[in-house]
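Colleague: quick one, structure for this:
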Amino acid sequence: MVGSFAMLLEQVGHRVETATSAQAALETARRSLPDLIFLDVSMPDMNGWQLAPLLRQHLAQHPFALVAVTGRADVDAHVQSRKAGFDAHVAKPIDMPLLHSILKQMRSKLG
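Modeller: Numbers count the residues shown, from 1 in each chain. Prediction:
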């Protein structure tokens, strides 16, 4: 999923960095200070709901939007994403119209 989703973002003009573990995601975010992070909830070493608060803590001085990406679309998953600090929650697969909508919404959130 990482590769194809990254290609979608690059096709619409965004610079993309990817990570395949929670530790790598945290290190990448600290280094690159992104404006928007799409974070898969299912990761091998720590789930996205555990990582989201760490990202918020470590990037506290840098405004960014955080989007949960998961196969779960149920109400409990949405609630868990909000509690973890995500700005939005989307279910896979993410299609282009939905991606454009999310990007527009997060841009307006960041000002």
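Colleague: so the residue nearest to the spatial centre of the chain, which state does it fall into?
Modeller: Nearest to the mean C-alpha position of the chain, by C-alpha atoms, centre = their mean, lies residue 38 at 1.8 Å. When classified by DSSP: H, G, I helix; E, B strand; the rest coil, residue 38 comes out as strand.
Colleague: is it true that it touches residue 65?
Modeller: No - at 9.5 Å, residue 38 does not count as touching residue 65 under the criterion of C-beta atoms under 8 Å. (C-beta placed from N, C-alpha, C; glycine too.)
Colleague: what's the longest helix in this protein?
Modeller: helix 96-110 (DSSP state H).
Colleague: got the buried residues for whichever strand or helix holds residue 66?
Modeller: Taking DSSP states H and E as the definition, residue 66 sits inside strand 65-70. For strand 65-70, the neighbour count (16 or more other C-beta atoms under 10 Å) marks 65-70 as buried.
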